[in-house]
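Colleague: attaching a predicted model along with its sequence, questions to come.
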Amino acid sequence: MIWQAVLWLTLAQLVAGSFLLPGDVSPTHYDLRVGYDLDPTTNFSFYGVVSIVLSANKPTTKVILHAKDFNITSEAVSLSGGDQDPPKVLSASINDTYDFLTITLDKMLQSDVNYTLTIPFYGNLKPGLDGVYISSYTNKVTKIKEYLVTTQFEAISARKGFPCFDEPMYKATFKITLGHNKQFTAVSNMPQSSRGENNVMEKYWPWKVIRQRFQKDLSDFVWDEFDKSVPMSTYLVAFVISKFSHVESPSDLSTTKFRIWARSDAIDQTAYAANIGPRVLTHFEKFFNVSFPLPKQDMIAIPDFSAGAMENWGLITYRETALLYDKDQSSFVNKERVAEVIAHELAHQWFGNLVTMKWWSDLWLNEGFATFVASIGVNAVEPTWHADRSYAVENILSIMNLDALESSHPVSVPIDDPKRISEIFDQISYRKGSTLIRMMTMFLGEDVFRKAIHNYLIKYSYQNAEQDDLWRELTRVSRANGGLSRNVTVKEVMDTWTTRTGYPLLTVTRDYVDKSLTITQKRYLSLGARMPTTSSWWVPLRVLCEDDSRSATPLQWLADNEGVEAPHRFQHDAKPDQWVLFNFDMVAPYRVNYDKKNWKLLADTLNSDRYTSVPVLGRVQLLSDAFALAWTNRLDYSIPLLLTSYLRRETDVLPLTTGLGALAKIENVLIRSPDYGAFQKYVRRLISSTYERAGGLAAKKIIDGDNLNSVKLQVMTSQWACRMKVPGCEENAIQLYQQWMDTSDPDKENPIPLDLRRTVYCVALRRGSVRHWRFALARMQRTNVAAARDMLLSALACTRELWILNQYLEWAITEGSEVRRQDAATVIVSITRSAIGYYVAKDFIYTRIAEIHKTFRGQAIRLGAIIKTLLDQFTTQRELDEFTSWREKNAAYLSEVKLSVQQAVERATVNIAWVSKHRQSLVTLMRENSAEPETPVISRWNGQPNFMLSIFAIHNISSVTPSRHA
Ligand SMILES: *[C@@H]1O[C@H](CO)[C@@H](O)[C@H](O)[C@H]1NC(C)=O
Ligand SMILES: *[C@@H]1O[C@H](CO)[C@@H](O)[C@H](O)[C@H]1NC(C)=O
Ligand SMILES: *[C@@H]1O[C@H](CO)[C@@H](O)[C@H](O)[C@H]1NC(C)=O
Ligand SMILES: *[C@@H]1O[C@H](CO)[C@@H](O)[C@H](O)[C@H]1NC(C)=O
Ligand SMILES: [Zn+2]
């Protein structure tokens, strides 16, 4: 869209009262000094002073910057520099609408003069998870409650830490000095340069003033000074003041000094991070051919953390589950997640930190890159995991539903209100962004891609860039290497993907006589097109024909204007009795529909011993497409069910997860209906043998603990088997849990195989009593391993005791309860997702929205996830009507999640339409497909779709397992 491309250039000058800073003054350096009193009895007070070196780009009498949540005494603000008689400060005032701090001067600032603006400030740290905030923990050894000060500035919370020009394009250097009680250690982006005993703010805040609120002697305090940083955006500034311990990575793994920090009683869980962190960093230096510019890299695990991790330059902060790994208590998928998040954050040190998007509209440049490059980093240190393949699948599949909504948004998204920035840290920015970058590497070739990325990183180092800058570098290198076929530029191709919402559906119709086929393209929408869409794309195409022995045709393009008005004709080599397959390597996000005969040919091969002649990503694509096309009435359900039957043969976890994930979507709308039994029976027959082959719960151990595919197969099939009531599954789970309860020291001994714990806990708590629940709660309170805590936290939501569910929800919104603020969303979402909990949670959300809203202040995306989870399960118009009238009365609480609400409503509408159109016929088909008698199943427990367990959710960056900035 044109409007968005010119947004940056014009808006600032155009609209007085715009949400953007006016741009007539630029900072170049900040000298920040703050003293924090980490003491609850004196309300965590602080005093600070920031001196900002700035210059005017044009004459002005106003300096406008950001400030929020602390106090400034107008008279203390001063300006110096330039000639002997610099402008005097007349007033300083904060307007809360956009957090503008306006300093009014008595005369114009001169251009070409460096002024220093000095602003003393003071206040108290508030509870919350952004800005400068307090986290706490109880030391498991000493039993003492400890506090720490930490920061989370992305996207717009640096302004809560100190007055600053809080937009990513105002890069400056930072010199930070932190005062704190002697028993604590401070870390920041840069290495510490000195430690002093004198109050470095004495001129602005004499100790006798500070003393009034700190109530402590100066001699209790020390002042840590850090080296001046490289030029960077405010959202990357970070510091932590704590009593943590640290380990240093072996120095032969990286030239950069690498340290991992954690609570001292969890420091033994840092070994994995200390090993892979420096190796990933070193790999990226080689891969981009750009060295890491800072002398050190610290990574630190924070007990209370809203996202998954945050890439602050030189001081990456993590939630504990994303950094710490305990080999006796963390599962394989926990380990996988640690590796992924570390690689993601380290990738940001280049994409985001060194080169930064100009404005949050291009957030995808940061997040898409980091998400994509993470797979390269993980591949380098854990090659047997095949991270590139599995992340590609997860990323593509997880956006296909969202992006099929009319209310989705383009990757490059205009932002008209800073309060809504939080909402775009979503699947589209992370996963579609990543998918599109992977697509580029595939059509450009890795060499071209790497060379161009290197040039881009060098050219824009310490500066900001927009997507066009990237396209230019890519096109330049590509042209030097022969260019793309049809002489298309990277920009022409990519603009169709990044500025347009959604993705195409290709409809392929074969002419079986003359070996040709025709293709049309059209936006794929879940509701069908209510309004005519004219979107089209540059679609990369590769076609595989049966018996091609995998040498597919070279990449071709379906151009932006082709296949739109009239079908586009293609030649291919398949004989009439052989199939053709598009997108077998999932190069881009699109769906493909074929004529019925071609579908049948594909299904026949899948249901034969030759099924691997369809490459694994092709199998994924076929399953995903067939179910989606049937869902939207473009294909008869007999086709996806026919494809699905081959899953009995499948041994690769990716197609299995895809097929079962598609069935889970159907389960979601049937789970409370009278037809759920038929669904269970159908799926039970489908998975029983795979469940047994994979080891299941009966083996009471992990069959092949070193093989990620095998572990995931065992976990996933166990979870499905219990939910589908495969005989023995739940009984085994309950037995294992009982064994655990019977051990003499359950906090030390746990007989349940590590990777199966989530599944076993949930079954046991679903079927168990209050006693079982209390046991799990006690273990959660005592464990010292965050990953173990997390497993229990979600399992506690599996109970069907209504009063416990209500109590658990209550805790989620109560400060100081068993549920930490960072976990509140996980608890509410987990309960909302469960078959019974849904009813309890709905009531809770409707009646307690004021408190829920308050709990997630500054984390709008979490509130959005809760609303989405609820509406995603609506199947009746009555539920939607009820929501609509509730929404009208509670609009004030939903103003920051407008987009999520809109998407949620559309999703509910999609479900409702599906139920009236397809439920009957699909259930009939499923009954027919599982007609033969099977062993009777006695237990009739209601299942629960614990989507949190699917592998999609394990890497889920932005929904519930939170890691917005991961
Ligand atoms: C604060 O800023 C908003 C938006 O620019 C403006 O509408 C409002 O009048 C300002 N408030 C005050 C008290 O100046
Ligand atoms: C800071 O200002 C607020 C109002 O703007 C006031 O309520 C508060 O008491 C002030 N804090 C201190 C420590 O003076
Ligand atoms: C202002 O500061 C910048 C950066 O420190 C420096 O490059 C520039 O020469 C200074 N300008 C003047 C007029 O002193
Ligand atoms: C390819 O495009 C460029 C710029 O659009 C043009 O200068 C060049 O002549 C074209 N090359 C061919 C072979 O069409
Ligand atoms: Zn990120």
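Modeller: Sure, I can see it. Ligands and ions are numbered 1, 2, ... in the order given.
Colleague: not counting its own residues, what contacts stretch 738-749?
Modeller: 750-752, 764, 772, 775, 779, 782-783 (CB atoms under 8 Å, 6 or more residues apart in numbering). (Each C-beta comes from the backbone N, C-alpha and C, glycine too.)
Colleague: swap the cut-off to 10 Å and go again
Modeller: Stretch 738-749 has contacts (CB atoms under 10 Å, 6 or more residues apart in numbering) with 328, 700, 750-752, 757, 760-761, 764, 768, 771-772, 775-776, 778-779, 781-784, 788.
Colleague: among those, which are in helices?
Modeller: Counting by DSSP state H, the part of the contacts of stretch 738-749 found in helices is 757, 760-761, 764, 771-772, 775-776, 778-779, 781-782, 788.
Colleague: quick check on the contacts of stretch 738-749: which are buried?
Modeller: Buried by 16 or more other CB atoms under 10 Å: 750, 752, 757, 760-761, 764, 768, 772, 775-776, 779, 783-784, 788, out of the contacts of stretch 738-749.
Colleague: can you tell me the helix or strand for Trp557?
Modeller: strand 556-558 (DSSP states H and E).
Colleague: tell me the mean pLDDT for the one helix or strand Arg919 maps to?
Modeller: Using DSSP H and E, Arg919 falls within helix 898-929. Mean pLDDT, helix 898-929: 95.
Colleague: which parts of that helix are buried?
Modeller: Using 16+ other CB under 10 Å as the test for burial, helix 898-929 gives 898-901, 903-915, 918-919, 922-923, 925-926, 929.
Colleague: which residues of the stretch 301-450 of the chain fall in strands?
Modeller: 309-310, 315-319, 355-357 (DSSP state E, counting those that start in this stretch).
Colleague: in this structure, which residue sits nearest ligand 5?
Modeller: For the chain and ligand 5, the shortest gap (CB to the ion) falls at Ala370, measuring 4.4 Å.
Colleague: spatially nearest residue to that residue (excluding sequence neighbours)?
Modeller: Distances taken as CB to CB, 6 or more residues apart in numbering place Ala347 nearest to Ala370, at 4.3 Å, with adjacent residues excluded.
Colleague: ok, now Ser80?
Modeller: Leaving aside its sequence neighbours, Ser80 sits nearest to Thr116 (CB to CB, 6+ apart; 5.0 Å).
Colleague: which residues touch the residue in the stretch 801-950 of the chain that ligand 1 sits nearest to?
Modeller: Ligand 1 sits closest to Ser895 of the stretch 801-950 of the chain, with a gap of 15.9 Å, by CB to the nearest ligand atom. Applying CB under 10 Å, 6+ apart, we find Ser895 in contact with 417, 419-420, 853, 860, 901.
Colleague: isn't Leu641 up against Phe627?
Modeller: Yes: using CB atoms under 10 Å, Leu641 is in contact with Phe627, at 9.4 Å.
Colleague: ok, those two, which is more surrounded?
Modeller: Neighbours were counted for Leu641 and for Phe627 using other CB atoms under 10 Å; Phe627 has more, 24 against 21.
Colleague: the closest residue to Asp227 other than its chain neighbours and Leu354, how far apart?
Modeller: Closest residue to Asp227 apart from its sequence neighbours, by CB to CB, 6+ apart: Met190 at 4.0 Å. Going from Met190 to Leu354 by CB to CB, to the nearest Å gives 15 Å.
Colleague: swap in Ala273?
Modeller: With CB to CB as the criterion, Ala273 and Leu354 are 22 Å apart.
Colleague: next one: Gly483
Modeller: Gly483 is 28 Å from Leu354, by CB to CB.
Colleague: low-confidence ranges in the protein?
Modeller: Along the chain, the parts satisfying pLDDT under 70 run over 1-17, 528-532, 548-552, 932-966.
Colleague: domain parsing for it?
Modeller: 25-243, 350-498, 506-643, 676-952 (automatic domain parsing).
Colleague: and these: which comes nearest Asp265?
Modeller: Proximity of those to Asp265 was assessed by CB to CB; the nearest stretch is domain 25-243, lying at 4.5 Å.
Colleague: the closest one near ligand 5 at all?
Modeller: No: on the criterion CB under 5 Å from the ion, domain 25-243 is out of touch with ligand 5, staying 8.8 Å away.
Colleague: quick one, helices of the stretch 201-350 of the chain?
Modeller: Counting by DSSP state H, counting those that start in this stretch, the stretch 201-350 of the chain has helices at residues 207-214, 271-288, 320-323, 332-348.
Colleague: could you identify which of these is most buried?
Modeller: Burial of the helices of the stretch 201-350 of the chain is given as mean neighbour count (mean count of other CB atoms under 10 Å); helix 320-323 ranks first at a mean of 28.
Colleague: for that one, packing partners?
Modeller: With contacts taken as 3 or more CB pairs under 10 Å, 6 or more residues apart in numbering; DSSP states H and E, helix 320-323 sits against strand 257-262, helix 271-288, strand 296-302, strand 309-310, strand 315-319, helix 332-348, helix 786-795.
Colleague: can you lay out the ones you listed as CSV showing distance to Gly377?
Modeller: Listed next are these as CSV, based on distance: least, CB to CB, whole Å:
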stretch, distance to Gly377
strand 257-262, 14
helix 271-288, 4
strand 296-302, 14
strand 309-310, 13
strand 315-319, 13
helix 332-348, 3
helix 786-795, 21
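Colleague: out of these, nearest to ligand 1?
Modeller: Ligand 1 lies closest to strand 309-310 among the helices and strands packed on helix 320-323, at 29.3 Å (CB to the nearest ligand atom).
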